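K.L.:
Turn this into a structure:
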Amino acid sequence: MKSFVTITLVLLAGAAAMQGQQQPTTKTVCTLEDMHGDFATQPIGILTAGPFAGPFAATGVIHFDGKGGFTGIATSSFFGHVIYPFHADGIYTITPDCFFSLVEETLHIGFIGYLSTTKNEVQMMEPDAASITPFWDPRFWNPGLMPVRFVSNIDFR
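P.N.:
All right, here's what the predicted structure looks like:
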């Protein structure tokens with residue numbers, strides 16, 4: 001019986017020591033500065049209303065200034081009408097819990113989403129009732145040399 005009590009006490013002491021060594025959980029906090037630099041973009045979706053109702057797709061680069069502004073250039077296709085170059089300028093916000101919103105000022109298109117915990121990609125969608133546009137923007141690490149993977153829930157292949 002004495003050895004059972006000793007073993008139990010040793011196990012309890014070991015468990016208590018292990019709990020004391022556990023790393024505290026940290027929460028990712030985001031700021032405007034986290035969105036700084038070049039991000040590849042490839043929104044793909046369907047516009048359900050308006051003069052260009054139908055498939056929509058674009059491919060380009062967005063440069064975020066880290067202060068709430070962005071500029072970009074893309075090739076865009078609105079129901080087969082290709083626009084190049086399409087220059088985009090606008091503003092963005094990001095909350096401490098990494099909720100991201102962007103307004104492109106030329107067409108007044110808004111997007112919302114979340115910056116990843118690595119702060120190297122943002123997943124967005126257009127919350128407009130007249131569109132279905134989910135997409136993912138990865139940060140460019142080495143433009144021209146790094147292959148970039150684009151993903152979307154909608155694919156027009």
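K.L.:
what's the single longest strand in this protein?
P.N.:
strand 81-94 (DSSP state E).
K.L.:
which neighbours does it have in its sheet, and in what orientation?
P.N.:
As defined by DSSP bridges, the strand partners of strand 81-94 come to strand 69-78 (antiparallel), strand 99-104 (antiparallel).
K.L.:
Show me the contact partners of the last one.
P.N.:
This means strand 99-104. Residues outside strand 99-104 that contact it (C-beta atoms under 8 Å, 6 or more residues apart in numbering) are 30, 35, 70, 88-94, 109-115, 122, 124. For every residue, glycine as well, the C-beta is placed using N, CA and C.
K.L.:
now the helices: where do they sit in the chain?
P.N.:
2-21 (DSSP state H).
K.L.:
middle-most residue in it, spatially?
P.N.:
residue 122 (0.8 Å; C-alpha atoms, centre = their mean).
K.L.:
From residue 92, how far out is that one?
P.N.:
In this view, residue 122 and residue 92 are 10 Å apart by C-beta to C-beta, to the nearest Å.
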